[in-house]
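Participant: Structure here, sequence nowhere to be found:
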């Protein structure tokens, strides 16, 4: 049996990722039962994203986790301790069970290591890191948590080889590290339906949570620069935030007046998934102006773009360089903000329609590498 547990997410948070990870686990171990423990509303969101066969193959079990606003280590530790105790208690009843933590906090990692060491019998646990690594590596105490592997019982799995390289460079002595590609459940795409209607200006979208480390301020500057040089409002390109603006960015960007040039999707809470998908499907290009230091987190946004065969305009980071190397001509990889602005301006001035169609075909052909069927091989290797 394989048990996966989600100790952090509530509701729709990271539901697409957990659904894809569950589907990958089913592909990796088709003859073994799978149990998923999570907060009750999160269970419902994840289950709704899976097809009926996959959903029926999983045992869904509610889990009492910490409130979303409970972030301090001491306040969170009692919740995490109970979560780990519940999961390891189930594992103790069935020898040979695999355990996968779909996320981890510092308190959760401490609770896991302590309880694994204290138990006479304890299974191995793989922790999938899809956020929070920057904070972990930025603290001496939490870096130590990553080095301790509870007697070799903990494995750390990151989402991408570039992230694995960054973690290994920061912690050369770390053990139990491996990587898999970010799994994703892609919907079908009909390339015969144009994502760029004839005669209409392009629509440039920033997908997901707009924050400083993801470069939303750069997106706003590009939007302002290009829009100011397009006086004809009918032919002016559209720049849209398909997601929401986080509180810190909302305050910091007040002086930029982003709403003058950027259509803000939501700045008061998560956007409903159906709304997000509809708006993302109307985007011509996805702009990914992430900071060069944003090298320890995977990008769900670029996979959201692949889900609609949408070409990307990205700043060069190790993660995006790996994606472009793997996928081929899927857009434009830019050295800096100046080049990114020039690329956008060139697309507006002379729409590259033939190349755009070829880029969409390339995405559709190569995105299969992120599907559960392909990532399952990497997951088996990471857990072996």
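Facilitator: Great, that's in hand. This is a predicted model, so every value here is computed, not measured.

Participant: Let me see the contact set for the residue lying closest to residue 318 once chain neighbours are set aside.
Facilitator: Distances taken as CB to CB, 6 or more residues apart in numbering place residue 162 nearest to residue 318, at 3.8 Å, with adjacent residues excluded. Every C-beta, even on glycine, is put in place using the N, C-alpha and C of the backbone. Listed by CB atoms under 8 Å, 6 or more residues apart in numbering, the contact partners of residue 162 are 295, 317, 318, 319, 321, 322.

Participant: Can I get those residues in CSV including pLDDT, neighbour count and secondary structure?
Facilitator: What follows is the contacts of residue 162, written out as CSV (pLDDT from 0 to 100; neighbours: other CB atoms under 10 Å; DSSP: H, G, I helix; E, B strand; the rest coil):
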residue, pLDDT, neighbour count, secondary structure
295, 70, 21, coil
317, 92, 19, coil
318, 91, 17, helix
319, 91, 25, helix
321, 94, 13, helix
322, 93, 16, helix
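
Participant: how about those in JSON lines, adding distance to residue 183?
Facilitator: Listed next are the contacts of residue 162 as JSON lines, based on distance: CB to CB, whole Å:
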{"residue": "295", "distance to residue 183": "20"}
{"residue": "317", "distance to residue 183": "21"}
{"residue": "318", "distance to residue 183": "20"}
{"residue": "319", "distance to residue 183": "16"}
{"residue": "321", "distance to residue 183": "21"}
{"residue": "322", "distance to residue 183": "16"}
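
Participant: where in the stretch 101-250 of the chain is pLDDT low?
Facilitator: 120, 122, 132-151, 173, 194-195, 230-235, 247-250 (pLDDT under 70).

Participant: All the strands of it, residue numbers only.
Facilitator: Along the stretch 101-250 of the chain, counting by DSSP state E, counting those that start in this stretch, strands occupy 125-129, 154-159, 177-180, 203-210, 238-245.

Participant: wait, residue 73 sits on residue 107?
Facilitator: Yes - between residue 73 and residue 107 there is a contact under CB atoms under 8 Å: 5.0 Å.

Participant: the more surrounded of those two?
Facilitator: Between residue 73 and residue 107, residue 107 has the larger neighbour count (other CB atoms under 10 Å), namely 25 against 13.

Participant: which residues does the residue nearest to the spatial centre of the chain contact?
Facilitator: The residue lying closest to the centre of the chain (CA atoms, centre = their mean) is residue 300, at 3.2 Å. By CB under 8 Å, 6+ apart, the contact list for residue 300 reads 16, 17, 182, 208.

Participant: Distance of the second one relative to residue 50?
Facilitator: Read that as residue 17. The span separating residue 17 from residue 50 equals 13 Å under the rule CB to CB, to the nearest Å.

Participant: ok, those two, which is more surrounded?
Facilitator: Taking neighbours as other CB under 10 Å, residue 17 and residue 50 compare with residue 17 leading, 26 against 19.

Participant: can you tell me the helix or strand for the more buried one?
Facilitator: Under the criterion of DSSP states H and E, residue 17 resides in helix 15-28.

Participant: for that helix, which positions count as buried?
Facilitator: The neighbour-count check on helix 15-28 (16 or more other CB atoms under 10 Å) flags 15-28 as buried.

Participant: Out of the residues you listed, flag the one nearest to residue 81.
Facilitator: If you rank the buried residues of helix 15-28 by distance to residue 81 using CB to CB, residue 18 comes first, at 22.2 Å.
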